[in-house]
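In: sequence unknown, structure follows:
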């Protein structure tokens, strides 16, 4: 029977829930920054730039 390798914190980051929450947190931050009152241009363009 092969030995199991120890699970490291980085292995946890590659699981689906961690990746999903990281992407959602990034998109949430992009929305908040796109709605900031200091920006005078198109908010959709800024949101797209911040999302990438």
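Out: All right, it came through fine. These numbers come from a predicted model, not from an experiment. Numbering: from 1, shown residues only.

In: what's the distance between the closest residue to residue 33 other than its chain neighbours and residue 26?
Out: In space, and not counting its chain neighbours, residue 33 is closest to residue 50: 5.5 Å by C-beta to C-beta, 6 or more residues apart in numbering. C-beta coordinates here come from the backbone N, C-alpha and C atoms, glycine included. Distance, residue 50 to residue 26, by C-beta to C-beta, to the nearest Å: 9 Å.

In: who has more neighbours, these two?
Out: Set residue 50 next to residue 26 and count neighbours by other C-beta atoms under 10 Å: residue 50 wins out with 15 against 12.

In: which other helices and strands contact the worst-scoring helix or strand of the chain on mean pLDDT?
Out: Here the helix or strand of the chain ranked lowest by mean pLDDT, DSSP states H and E is helix 9-13, holding a mean of 82. Identification of packing neighbours for helix 9-13 by 3 or more C-beta pairs under 8 Å, 6 or more residues apart in numbering; DSSP states H and E yields helix 16-34.

In: show me what the helix it packs on is packed up against.
Out: helix 9-13, helix 43-51.

In: return the set of buried residues in that helix.
Out: By neighbour count with 16 or more other C-beta atoms under 10 Å, helix 16-34 contains the buried residues 30, 34.

In: same check, this time on stretch 40-52
Out: For stretch 40-52, burial by neighbour count (16+ other C-beta under 10 Å) applies to 46-47.

In: any idea how far the least confident helix or strand of the chain is from the chain center?
Out: For helix 9-13, the separation from the chain centroid amounts to 15 Å (computed by C-alpha atoms, centre = their mean, to the nearest Å).

In: I'd guessed residue 43 sits against residue 33; true?
Out: No. Counting by C-beta atoms under 8 Å, residue 43 does not reach residue 33; the two are 9.9 Å apart.
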